[in-house]
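[1] kindly generate the corresponding structure for this input.
(one chain, ligands or ions: 1)
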Amino acid sequence: MDLIYYPNPLLRKKNRDLTPDDGNLPEKIRQMFEIMYRNKGVGLAAPQVGWNVRLFIANPEGGGAEREKVFVNPRIVSSSGSVSEAEGCLSFPGLYITVNRGLEVDVEYRDADFKTHRETFNGFMARIVQHEYDHLEGILMIHRISQAEKVRNKRLLDELEERYAS
Ligand SMILES: [Zn+2]
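    Below is the predicted model:
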């Protein structure tokens, strides 16, 4: 399991729901946290490690087990407010763009034991949840970028495309 980068097509593939029969879930989640921390991320979606299932992890502190969250088969039930802030993505090293997101989101999800939760997130955590949820829908930062920002970041995006092609 390793981090994959834009424009790897696995980032755009359909992601299936997880079931309790999916083997090795705790071990795979542990590996994902290690990859996320090693790359100094605060969120990581399964398709970003080439695993096309509806799962993402988050830790707004970027470390420390007590703030770790696992979202299995999540669904954003509602979203309210809106805020524009810069964000990055481990699959787009070096890219930071301003993205408009909901201020508060209500999410239904399962944890690693398949227990159902419904929880409201706001602030930074709401931003992480919406960014990672996008990954499960095959939506990337490149799809949230304005034309002006696309032009401004053209060299970086070209470089990522060339690196993937070679
Ligand atoms: Zn991302």
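
[2] got any ranges where this protein has weak pLDDT?
    Within the chain, no stretch falls below the threshold (pLDDT under 70).

[3] rerun at 90
    Counting by pLDDT under 90, the chain has low-confidence residues at 23, 63-65, 142, 144-147, 149-150.

[4] helices of that one, residue ranges please.
    In the chain, the segments counted as helices under DSSP state H are 25-38, 123-136, 147-152, 154-165.

[5] compare those helices and give me the one nearest residue 92.
    Set against residue 92 and scored by Cβ to Cβ, those come closest in helix 154-165, at 6.8 Å. All C-beta atoms are positioned from the backbone trio N, CA, C, and that covers glycine.

[6] touching, residue 133 and residue 76? I think so.
    Yes. If you go by Cβ atoms under 8 Å, residue 133 and residue 76 touch, sitting 5.8 Å apart.

[7] tell me which of those two has more neighbours.
    residue 133 (21 against 17; other Cβ atoms under 10 Å).

[8] show me what contacts that one?
    With contact taken as Cβ atoms under 8 Å, 6 or more residues apart in numbering, residue 133 is in contact with 56, 74, 76, 107.

[9] go again with 7 Å.
    Shown in contact with residue 133 (Cβ atoms under 7 Å, 6 or more residues apart in numbering): 74, 76.

[10] what separation is there between it and residue 148?
    Remark: distance between residue 133 and residue 148 (Cβ to Cβ, to the nearest Å) = 25 Å.

[11] same question for residue 10.
    Plainly put, residue 10 is 29 Å away from residue 148 if you go by Cβ to Cβ.

[12] with residue 42 instead?
    Distance of residue 42 to residue 148, given as Cβ to Cβ: 26 Å.

[13] what do you get for residue 115?
    With Cβ to Cβ as the criterion, residue 115 and residue 148 are 44 Å apart.

[14] again with residue 158
    Distance, residue 158 to residue 148, by Cβ to Cβ: 17 Å.
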